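Asks: Predicted model, plus sequence, below.
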Amino acid sequence: MPWKNSDSRYSTVSIALHWLMLVLLVVVYACIEFRGIFPKGSGGRTLIREAHFMFGLTVFVLVWLRLFARSLGKAPQIFPASPHWQTVLARLMHWALYIFMIAMPILGWLITSAQGNQVMFYGIDLPMPIAENKPLATRLHHWHVLGGTLGYWLIGLHAVAALYHHYVVGDNTLLRMTPKRVSRNT
């Protein structure tokens, strides 16, 4: 079943969501990093900002699907088993990433509302959760930027840990989350 993990691999849905969300996070970060190529007030800068909002909120929606898929069963076993302290650190890292993927879009939505702007999500104007309040928008923006910096570290450490387990430790940590290779019979 595509929603259930096996003993050795995550479910098809979990794997697809994992890699899709990575791509979305790359796009979200790219939108912010490259917004400076457009002058302030230009249509290009507005487009890239709105893409940042839309893809950030897409991450917010998909993280709930990931959490649902995660709740459907135990994670596949790691062979050989990791030391307990690594297992604890891995759990903390995963929960930090989930909190990041929930908190950042909410902060972004609150910032936009506090600036007095509407957020559009795939053609739908979302409600403004708070009233216009420019000083609050500035404070929330500070936290959003700080969270974005933390996100770089979380994502980077997550990737380094997966590569460490694959190439140094030699366990199946990374293989549990990679798509299955399709063999071709010629």
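Replies: Structure's in. What do you need? Numbering: from 1, shown residues only.

Asks: can we go C-alpha only for contacts and neighbour counts from here?
Replies: OK.

Asks: right, and the helix or strand after whatever helix or strand Thr58 lives in?
Replies: Secondary structure from DSSP states H and E places Thr58 in helix 43-71. Downstream of helix 43-71, the next assigned helix or strand under DSSP H and E is helix 84-114.

Asks: which parts of that following helix are buried?
Replies: Within helix 84-114, the residues that qualify as buried are 93, 97-98, 100-102, 104-114, counting by 16 or more other Cα atoms under 10 Å.

Asks: try stretch 17-32
Replies: For stretch 17-32, burial by neighbour count (16+ other Cα under 10 Å) applies to 17-18, 21, 24-25, 27-29, 31.

Asks: Leu140 contacts Trp109, doesn't it?
Replies: No: if you go by Cα atoms under 8 Å, Leu140 and Trp109 don't touch, sitting 10.0 Å apart.

Asks: could you check the angle helix 84-114 makes with the strand or helix carrying His144?
Replies: Assigned by DSSP H and E, His144 belongs to helix 134-164. Relative orientation of helix 134-164 versus helix 84-114 (axes from the mean of the first three to the mean of the last three Cα atoms, to 10 degrees): 150 degrees.

Asks: Helix 134-164 - what's its average pLDDT?
Replies: Per-region confidence: helix 134-164 scores 97 on mean pLDDT.
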